[in-house]
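> below: sequence and its predicted model.
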Amino acid sequence: MKTASDALALLRIGNERFANDLQDREVLARRSPRQNFIQQQRPHTIIVGCSDSRVPAEMVFDQGLGDLFVVRVAGNIIAPSQVGSVEFAAAQFGTRLVVVLGHTHCGAVGATIRSIQEPDGEHSPNIMAIVDRIRPHVIDLVEAAATTDDTTLQNQAMRANVKASVKQLQQGSQVLETLIQDDGLRVVGAEYNIETGRVEFFDGVPIENET
């Protein structure tokens, strides 16, 4: 079982390969043959990421079969089913790193900002089920953003949403709280920059691991 620090190092190295277009898919396939995962899996990291088609975690971190346990939902929100999925992987597989991965140009965050700015607009109730989970974490930013440009506001809101999701996982589950306290589980936040291909870890990462 890899420690959280070991897993974080693997993600950093893999993302560096991805950002520099150095992935080798043939090597990756040989490293992770399907036969190795028929009866079991031992993912080193749990990723709670957005459903956005531009942010496939396995590619962003240049990881192979069996390396990541990925939970994807628009806006990387934390609802009971997401918490349960994280609990399952952390308890069942011994995975000790959880990464909440937000990204630039997030449509769910953008929809939330618009719903705050245009409260009388038409919104799908199903989309609002996602927006309503993001809104409490970004509303103060949006209401105070009279002179903030749209890109800056979107990025600030995305990070606030990631930080809130990290906190929800750290403090909203007795299973995860116990694993954090007793077994070295770490929950961190990160931002994937669609323009550069790089991931920045910015929340829950010890000083000695920051770049």
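Happy to help now that I have it.

> residues near Ala90, how many?
A total of 25 residues lie near Ala90 under the criterion other Cβ atoms under 10 Å. For the C-beta atoms, the positions are set from N, CA and C on the backbone; glycine is no exception.

> per-residue confidence at it?
Predicted confidence (pLDDT) for Ala90: 98.

> how about the contacts made by Met128?
Met128 makes contact with Ser115 under the criterion Cβ atoms under 8 Å, 6 or more residues apart in numbering.

> with just CA atoms, put stretch 5-13 into CSV.
Backbone C-alpha positions of stretch 5-13 (Å, rounded to 0.1, in the frame of the first residue of the first chain) are rendered in CSV as follows:
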residue,chain,number,x,y,z
SER,A,5,3.1,11.1,0.0
ASP,A,6,4.1,8.4,-2.4
ALA,A,7,0.9,8.6,-4.3
LEU,A,8,1.1,12.4,-4.6
ALA,A,9,4.6,12.1,-6.0
LEU,A,10,3.4,9.7,-8.6
LEU,A,11,0.6,12.1,-9.6
ARG,A,12,3.1,15.0,-9.9
ILE,A,13,5.5,13.1,-12.0
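
> and that stretch, how far out from the chain's middle?
With Cα atoms, centre = their mean, to the nearest Å as the basis, stretch 5-13 stands 15 Å off its chain's centre.

> ok, now stretch 63-74?
With Cα atoms, centre = their mean, you get 10 Å for stretch 63-74.

> distance between the ends of it?
Stretch 63-74 has an end-to-end distance of 22 Å (Cα to Cα, to the nearest Å).

> which other residues reach that stretch?
Stretch 63-74 is contacted by residues 10-11, 14, 28-29, 31-34, 36-37, 41-52, 57-58, 61, 79, 82, 85-86, 89, 93, 95, 107-108, 130 when judged by Cβ under 8 Å, 6+ apart.

> do stretch 103-110 as well
49-50, 52, 54-55, 74-75, 77, 102, 130-131, 134, 138, 154-155, 157-158, 161, 191-195.
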